[in-house]
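# A predicted structure for the sequence below; I have some questions about it.
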Amino acid sequence: MTDSRRTLQVFPDNGRRQAALRAARGHAGVVRGDAFLTWEGFLDALGGGRELGRRPCSPVVARTVVASLAQGLSDTPFGDYVHEPAFARAALEVLLDLKAGRLSPRELQDALEVLPPERRNRARTLALLHHAYEQKMAELALADREDVVRGAREALERQAWPAAWDDVGGIVLHGIYDVRPSGLELLMALAAVCDARRVTMRVETPVGGSPVADAALAALFRAFENRGETLSHVDLFKADVTFESRPMVELGRHLFSPRAAKDVLKDAVEGLRMWSAGSVRDEARLIARDVRRKVSEGVPPGSIAVAWRDLGSEARWVADALGELGVPVRLPWGEPLALAGPVRLALDLPLLVEDGFPAERVAELVSSRYAPMLSRGAPAAPATLLTLAAVRDDRLGATRGKGAYDLRLESLAKRLEPLPDQVRKKEQQRAHEARVLRERCLFLLESCRRIPEQGRASELLAAWWQVVRRLGLLDSEGALEATSEEGLGALVLDARARDDAARAALAQRVRELERTLAAVGGGPRLKRRTFGRWLQDMMRDVHLPARGPATGAVEVLDVRELEGRTFDHVFIGGLAEGRFPGREAPNALLGDAERIALNKHLGRDIFRLTGGEFEDRAPWRLTEDRLLFASVLAAAGETVSLSFAVEGQGGQEQAPSTFLEEVRRLTGAAWEARSLPAIVPLDEVLTEAELRQRVVLESLALQRLRVSTPDPARNVLQRHFEVAPWLVSAKEMVQVEIERLHFFGDTRKRAGRYTGAVEDPALGEAIREAFRFNEERPLSASALARFGNCGFQGFLSYGLKVPEPEQPGEEFDRRGQGVFWHRVLEEFFKRLKERKLLGRGLEELPETLLDEVLDEVREHFEQRHYVGHPALWRLARERAKNMVRRILMDERRGLPFERFEPAGFELRFGPRNPAEGWKDVTLQVGEDVIHFEGTIDRLDMADGEVGVIDYKSGKLSKSELKKKLLDSDFQLPLYLYAARASGHRHTRNAAWFSLRTGDVIYLSDVLEKDAVELEELLSTEPQVRERLAAEAKPNLANAVEALVNTVRAGQFAMRPKDCGSCGYRAVCRITERRLVEEEGAHE
């Protein structure tokens, strides 16, 4: 007679339950969902926590209880470690192991004598914690994982049976192998009840293979064998797939067996592929490409599985790669909650305070759309303003009770604010932005400091949660603009849904934590930094809901979730030694040595350390992994791909798994080394984007630069796609790169369209007009230097008026130091001249004179310039003082020319705001007149004669000065030319003056090496200029005319001579190219 009663199917996890439900619906259409249970749901139905009068709790709750109790213990050998979330996690693991092994606190206390003396105190503390934990959980009416198992067992022992199961005639437990003593007792009690009620109980274990692979099942089989004769309705079943024609079954039978000969299965295993990739990311991408090929061949995506042992970030990598290839994919879980945008920022708040509010993290918060109270109406680029203010954190630069953000942003605003008589809207706007940013930063700092420095976890949690709300991290981002549901619009919708789900999950988790902490009296006492780590630990195991289609998609799984399921094609990644098979992470509180000693003393396996029996006994993780590997092979209906990465996620070298070595030993197969080419070959193209890349390479790449053989279809591809817009655009980009390649490779090559030349005839007149160098926009020595050093640098600065990016730090840069030193010398020599002390030695001068000057200049700079950290600014003052001392200690006493005295400082010449008589400094170039302007550092005079001085902040070198003269350094010759144009026609005195050393080098001495007279250098006579040009000797007019003609011809070559002093260096790609070339030149 047929039994009409229903059968319950119990699965280890919800993923396998859902898969079974889908399969059942596919066969029967409509099925009862309550006939398919997870292990947790099964235990709850049997009684679970209710039997004990308790409610089940999550591991988070249990860890919180442990953390609270640990702090209540007296001095422990664990020290401050008891305050860390890692202690609670490790301690709960030990306690659950003790409960699973049915070891009471008293028994643990009695067994301490078998441990080494130095370890007994640690174990004694754990025994006390175990006792306190059991009492507290009973007091709170909470049941952890093992309590639920105990409650279900006790209910079965008193013959309790759920009323809803009266029509149940059979129970099938799937995937049972990892059972501890408490679990075995539960199974035995369930078997007894099922036998008494004549309910068929079937325990299905994973499909193993050889006895070595099945060693993990030894304890389970032994327990049932001992009761087999008395339990007629109970069956321990290991699935036999021999008759299902699965290709890897025979391999599974021989795996790990010492009796199996080498090459016993050579050429007998079909559908097996082994390979290696260069990196873990490449491995994920190559797996995705293999999956895409299967789908292209007509394989349903739902019949393909990709798995790793201890699945981690590989899941996202392979999912992203499959998404790019257009393959539907489903992950077992979504993104980790702690990595979601708003949650990550929220969790960082306590640590943000403790770290002193680093500028990078503050800028991220202030600019983030997730924190609308900070970002709404804030400056568009707060990181730039913080850089300009030289803010690193709130500590460096803090003084007088005010933090660095307050002081430095206010100082920046004052610097950016134009003077009362100036109207500069741009500077006014930037000053306003600096003040707005200061307000937002102070709001953030004040909000985060509301989190107490220490307190109960509940107090810290409440304060932190208020800060999260205050900053708007939980606020929705408002109504979405109408977007397309394809392309970028789809990505926007997806990101919005993910963020909203993260906010909801965070709020739910916090509510759970609030209830838990309230139940345990507020939780442990924590410092703010520890609380930050505690928060992150609480969110560590939470994931957002899984995304992707429920059916018809490639499944990415953990190897453990693959057991018991069948797929046509299985891809197993991560087969590296140390991962699969892996190693159990040691527990920080109770090591393996102590566990072995306790097991031996008590005569039973309290702690599960090994699996198997007799000669097959091995560490549990190895035993488990062997079973899982064999079951994975059996799960494949057609093909199996086994792979590993040569380089791990951290860049470390990885060895292939011993499992791969075993497969190679049995089958004689070897793994192939695979790589992921930048542009895939034509026969491996899978997407339109890859096809375009290949077409571009075949159609446009230069033959002599290729390292691969051209594809035979090259000409066909070129003709077919010749007019495609994307190929036309690619052709232009190729021309750009070819021109740049030739230009940077040959210093004699003129600039072209893509390397700094303006070749459009329609722009010729505009270029000449822009670089006319007339009275309205004269040519300065610094502009000449920029054009001489790099045409493109000059074009950016003079032509486009692009400001050089500021790069403030904690102290003056070289340019700022130079300006400061110039001003100190100017004021100091003025005082010396007023008091008739010029030429005197340092010992002859009043001691207070130099200090007075330094204080006045310092005050002036503090009002108008950024001066950096106060301590470093004081050092800058001392450096300036030492600079003056060095100059006065030199025999010249700062006076390079005999009899000459300083008559002018920072003397301007040219058509705009010149000193009297210094307006018309010009040069005839063809039919045009070039107007010059500039500022002479110092002008010395004696008896109507003048001498010009160019201050240099660094050391002086005659060879360097000669090399740069009229090439990228025009200042001193132009100063002398201006002096002559101002009426001092016979001026010959010109010198460079080092502020660092006090040394002086005269222009005439540098010219001696080229046998050039000063008159020839400054001559504008056509015959003299012609002769000097023919002799390749320096002449100011020739050099200026050559540069002007080059500029007016639209030649702004991107070929710098020296990038060290260029203000655009921080953002210039040419600098990077030159650095790479220079590094390569030494190889």
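Cool, the structure landed.
# what are the ranges of the strands in the stretch 851-1000 of the chain?
In the stretch 851-1000 of the chain, the strands defined using DSSP state E, counting those that start in this stretch lie at 901-909, 922-925, 928-942, 945-952, 989-994, 1000-1002.
# Any chance of these in CSV with mean pLDDT as columns?
Rendered in CSV, the data for the strands of the stretch 851-1000 of the chain read as follows (pLDDT from 0 to 100):
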stretch, mean pLDDT
strand 901-909, 91
strand 922-925, 90
strand 928-942, 92
strand 945-952, 91
strand 989-994, 92
strand 1000-1002, 92
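# Pretty sure residue 169 sits in a strand.
Yes - residue state for residue 169 (DSSP: H, G, I helix; E, B strand; the rest coil) corresponds to a strand.
# Return the distance of stretch 1045-1065 from the chain's centre.
Chain-centre distance of stretch 1045-1065: 35 Å, with C-alpha atoms, centre = their mean, to the nearest Å.
# Test for you: state the pLDDT assigned to the residue lying farthest from the centre of the chain.
No residue in the chain has its C-alpha farther from the mean C-alpha position than residue 943, which lies at 67.6 Å (C-alpha atoms, centre = their mean). Model confidence at residue 943, expressed as pLDDT, equals 85.
# Look up how far residue 65 lies from it.
Summarising the geometry, the distance separating residue 943 from residue 65, computed by C-beta to C-beta, to the nearest Å, is 96 Å. Heads up, the C-betas are built off the backbone N, CA and C, glycines and all.
# repeat for residue 306
Relative to residue 65, residue 306 is positioned 38 Å away (C-beta to C-beta).
# Also residue 351?
25 Å.
# now swap in residue 279 and tell me
Distance from residue 279 to residue 65, by C-beta to C-beta: 42 Å.
# out of these two, which sits in the busier spot?
residue 65 (27 against 17; other C-beta atoms under 10 Å).
# which ones are touching the residue lying closest to residue 459 once chain neighbours are set aside?
The spatially closest residue to residue 459, leaving aside those adjacent along the chain, is residue 452, at 6.4 Å (C-beta to C-beta, 6 or more residues apart in numbering). Residues in contact with residue 452, defined by C-beta atoms under 8 Å, 6 or more residues apart in numbering, are 459-460, 463, 528.
# low-confidence ranges in the stretch 151-300 of the chain?
The model of the stretch 151-300 of the chain has pLDDT under 70 over residues 227-230, 239-244.
# Low-confidence stretches in the protein?
The chain contains residues with pLDDT under 70 at 1-3, 227-230, 239-244, 419-424, 477-487, 806-816, 866, 868-869, 1071-1083.
# can I see the domain layout of this structure?
The chain breaks down into these domains under automatic domain parsing: 6-52+150-240, 58-143, 249-333+551-673, 338-478+487-539, 682-745, 896-1048.
# Nearest to residue 770, out of those domains?
For the domains of the chain, distance to residue 770 was read as C-beta to C-beta. The smallest value, 9.0 Å, belongs to domain 896-1048.
# can you give me the end-to-end distance of that closest one?
Separation of the first and last residues of domain 896-1048 by C-alpha to C-alpha, to the nearest Å is 39 Å.
# what's the answer for stretch 205-217, then?
For stretch 205-217, the first and last residues are 8 Å from each other (C-alpha to C-alpha).
# Kindly report the same for stretch 301-309.
Criterion C-alpha to C-alpha; first-to-last residue distance in stretch 301-309 is 21 Å.
# where does residue 475 land in three-state SS?
Secondary structure of residue 475, per three-state DSSP, is coil.
# Identify the residue nearest it in space, chain neighbours excluded?
residue 372 (5.7 Å).
# Distance of the one you found relative to residue 677?
Distance, residue 372 to residue 677, by C-beta to C-beta: 45 Å.
# between these two, which one's more packed in?
Under the neighbour definition other C-beta under 10 Å, residue 372 and residue 677 were set side by side, and residue 372 has more, 17 against 8.
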